[in-house]
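Participant: test case, fold it:
(2 chains)
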Number of protein chains: 2
Amino acid sequence: MHTFAKKMDALQAIVEHRSVRKYKSDPIPEDILNTILEAGMRGANTGNMQLYSIVVTTDPAIKEQLLPLHFNQSMVKDAPVLLTFCVDVYRFSRWCEISETEPGYDNFLMFMLASIDATIVAQNCSIVAESFGLGTCYLGTTLYNAQEMVQVLKLPQGVFPLIALTVGYPAEIPEKTDRLPFDAVVHKETYHLPSDDEIASYFAQKENSPFYQQFVREHQLRNLAEVFTKIRYKQEDNITFSKKLLTALLKMGFMNQ
Amino acid sequence: MHTFAKKMDALQAIVEHRSVRKYKSDPIPEDILNTILEAGMRGANTGNMQLYSIVVTTDPAIKEQLLPLHFNQSMVKDAPVLLTFCVDVYRFSRWCEISETEPGYDNFLMFMLASIDATIVAQNCSIVAESFGLGTCYLGTTLYNAQEMVQVLKLPQGVFPLIALTVGYPAEIPEKTDRLPFDAVVHKETYHLPSDDEIASYFAQKENSPFYQQFVREHQLRNLAEVFTKIRYKQEDNITFSKKLLTALLKMGFMNQ
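Facilitator: Residues are numbered from 1 along each chain as shown, chains lettered A, B, ... in the order given. Down below sits the predicted model:
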């Protein structure tokens, strides 16, 4: 067993998280990678059915094919390991068929439950990797081009790529990013519907940050909210990719009723 | 600051996870609970928009209303704290409106991205809680009766309950549950389509477990797969609750195109 370079307290590992986008080319020792993946699989999951799979991609040729599907985010080729966490009802359903009983897992409820389970696995992997001194970055772009990733990763019906994670030794330690105030996110007993003044106060720190203020000026926008609505997460794109995602879910066999 | 009773290595906390369903009545000290929630909020998330909220329920009267919606799982009333992790595009969208720009987050893509983000927050909370010696249990039942939970938790349009977590001091330490073999879940480079023989071998350990064998006998079933298809996760129920979930998503404003 490899001697792990670093061990870290759970709270510390979680609080010190930052997304790492620049990596050294050093490979991840196999025993470390396996420990990360095994820890991932200890996550709580629906009925212990383990309706997920993890595709571990290190081959530069395959990463090259995935790169444009992740909108050319350089981490895909620069990180030594790309983990793609997939919803997987194929394995369990086929086991039911072999056992001569009819599976009923090709529907939206099971997709959602398995998505939660697969994300828990992904976060376990991310935390353990970080506790070993590795860096990680989630790629939400997985859901934007899921059907194309199905082709590259050779996923059968009943398997759907949900979220990807790059893993490798960090070539930079970025600053921790800001978060909304505690009271903006945490509600006591039931949901507290915030007033407009409260909402304005929640976002005030973000709006006052020099980084964002410069971004707003450079792009000749009126305010920070427009950075999101007009540049980063535009309604028209969100609608286009929502339709594409629902079509892919239908095609891969998750909307049967 | 409270002196935490116990600190735990990240890998150990994750590998030692078990779902705790019996709790002591001892409350969770407020500083410990706040540390758990703050650690949750450090999770990676889409564009740092933090499209999630956490509802912290401790009031027995509210928990009593939630109990049947979680199919009377006793943890809901027995655990001192119930955390409901919600997708929340309300806060961010309203901020865009106040900023006089049109938000575009009431669609399925954003629901899925925010679901992943909210689950990452939940898993951070679960791991930190466990590292402090607390026990947790996920309640996937949240998605089964989401619309009814919206009423009890007073969630506005654009907020959707995704997953709940009970937290408290454990009154039992259950055995760790089994997992499929590593090679059943982890695929190298691309997806390995398993043969029927391979699938049978993946599930062999589970099928041979005395606990499951007794369950199969008691219910006069033919095999373990039927425990899932005929009792625990039946196709007809999955389809009923899939439709109900999609209706709730539409009603709460996540399917606008």
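Participant: not counting its neighbours along the chain, what's nearest the one residue in the stretch 1-150 of chain A that gets nearest to chain B?
Facilitator: Across the stretch 1-150 of chain A, the shortest distance to chain B (Cβ to the nearest Cβ) belongs to A:Gly104, at 2.2 Å. In this view, the C-beta of every residue, glycine as well, is placed from N, C-alpha and C. For A:Gly104, ignoring the flanking residues on the chain, the nearest one in space by Cβ to Cβ, 6 or more residues apart in numbering or on different chains is B:Gln235 at 2.2 Å.
Participant: thought A:Pro103 was touching that neighbour, still the case?
Facilitator: Yes: taking contacts as Cβ atoms under 8 Å, B:Gln235 lies within contact range of A:Pro103: 7.4 Å.
Participant: neighbour count winner among the two?
Facilitator: Under the criterion of other Cβ atoms under 10 Å in any protein chain shown, the comparison of B:Gln235 against A:Pro103 puts A:Pro103 first, with 22 against 17.
Participant: partner strands of the longest strand seen in chain A, parallel or antiparallel?
Facilitator: Secondary structure of chain A per DSSP state E: the longest strand is strand A:159-168. Using DSSP bridges, the strands paired with strand A:159-168 are strand A:81-88 (antiparallel), strand A:135-139 (antiparallel).
Participant: re earlier: what is in contact with B:Gln235 and A:Pro103 at once?
Facilitator: Overlap of the contact sets of B:Gln235 and A:Pro103 (by Cβ atoms under 8 Å, 6 or more residues apart in numbering or on different chains) consists of B:Thr229.
Participant: quick one: the helices in chain A?
Facilitator: Taking DSSP state H as the test, the helices found in chain A are A:10-15, A:30-40, A:60-66, A:75-78, A:90-98, A:108-131, A:146-153, A:182-185, A:196-207, A:210-218, A:224-226, A:235-251.
Participant: which of those is buried the deepest?
Facilitator: Between these, helix A:108-131 has the highest mean count of neighbours, a mean of 27, where neighbours are mean count of other Cβ atoms under 10 Å in any protein chain shown.
Participant: and that one, does that touch chain B?
Facilitator: Yes: shown here: helix A:108-131 in contact with chain B (Cβ under 8 Å from any Cβ of the partner chain) through A:108-110, A:112-113, A:115-116, A:119-120, A:122-124, A:126-128, A:130-131.
Participant: just the C-alphas of that helix, formatted as CSV.
Facilitator: The C-alpha coordinates for helix A:108-131 follow below in CSV (Å, rounded to 0.1, in the frame of the first residue of the first chain):
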residue,chain,number,x,y,z
PHE,A,108,-37.7,9.6,-14.3
LEU,A,109,-38.0,8.9,-10.5
MET,A,110,-35.2,6.4,-10.7
PHE,A,111,-33.1,8.7,-12.8
MET,A,112,-33.4,11.4,-10.1
LEU,A,113,-32.7,9.1,-7.2
ALA,A,114,-29.7,7.6,-9.0
SER,A,115,-28.5,11.1,-9.9
ILE,A,116,-28.4,12.0,-6.2
ASP,A,117,-26.6,8.7,-5.5
ALA,A,118,-24.1,9.3,-8.3
THR,A,119,-23.4,12.8,-7.0
ILE,A,120,-22.8,11.5,-3.5
VAL,A,121,-20.2,9.1,-4.9
ALA,A,122,-18.6,12.0,-6.9
GLN,A,123,-18.4,14.2,-3.8
ASN,A,124,-16.9,11.4,-1.7
CYS,A,125,-14.2,11.0,-4.4
SER,A,126,-13.6,14.7,-4.6
ILE,A,127,-13.2,15.1,-0.8
VAL,A,128,-10.9,12.0,-0.4
ALA,A,129,-8.8,13.2,-3.4
GLU,A,130,-8.4,16.6,-1.9
SER,A,131,-7.6,15.1,1.5
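Participant: got the angle between that helix and strand B:159-168?
Facilitator: Using axes from the mean of the first three to the mean of the last three Cα atoms, to 10 degrees, the direction of helix A:108-131 lies 60 degrees away from that of strand B:159-168.
Participant: which ones are touching the residue lying farthest from the centre of chain A?
Facilitator: Distance from the C-alpha centroid of chain A, by Cα atoms, centre = their mean, peaks at A:Glu100 (35.4 Å). Counting by Cβ under 8 Å, 6+ apart, A:Glu100 touches B:Arg222, B:Asn223.
Participant: and if you look at A:Ser115?
Facilitator: A:Ser115 neighbours (Cβ under 8 Å, 6+ apart): A:Val87, A:Leu162, B:Met112, B:Ser115, B:Ile116, B:Thr119.
Participant: mind running it again at 6 Å?
Facilitator: Shown in contact with A:Ser115 (Cβ atoms under 6 Å, 6 or more residues apart in numbering or on different chains): A:Val87, A:Leu162.
Participant: same deal with A:Val87?
Facilitator: Counted by Cβ under 6 Å, 6+ apart, A:Val87 has contacts A:Phe111, A:Ala114, A:Ser115, A:Ala118, A:Phe160, A:Leu162.
Participant: re earlier: what's the burial count for the residue of the stretch 1-150 of chain A closest to chain B?
Facilitator: Per other Cβ under 10 Å, the neighbour tally for A:Gly104 reads 22.
Participant: my guess is it contacts B:Glu236, does it?
Facilitator: No: the pair A:Gly104 and B:Glu236 fails to qualify as a contact (Cβ atoms under 6 Å) at a distance of 7.3 Å.
Participant: any stretches of the stretch 1-150 of chain A with poor pLDDT?
Facilitator: Filtered on pLDDT under 70, the stretch 1-150 of chain A yields the residue ranges A:1-7.
Participant: show me chain A divided up by domain.
Facilitator: Under automatic domain parsing, the residue ranges defining each domain of chain A are A:10-174+A:237-251, A:182-233.
Participant: out of those, which comes closest to B:Gly47?
Facilitator: Of all the domains of chain A, it is domain A:182-233 that lies closest to B:Gly47, at 5.7 Å by Cβ to Cβ.
Participant: who touches stretch A:223-235?
Facilitator: A:Glu207, A:Tyr212, A:Phe215, A:Val216, B:Gly47, B:Cys96, B:Ser99, B:Thr101, B:Gly104.
Participant: now flag whichever of these is closest to A:Ala61.
Facilitator: B:Gly47 (30.5 Å).
Participant: residue contacts, that closest one?
Facilitator: A:Arg232, A:Tyr233.
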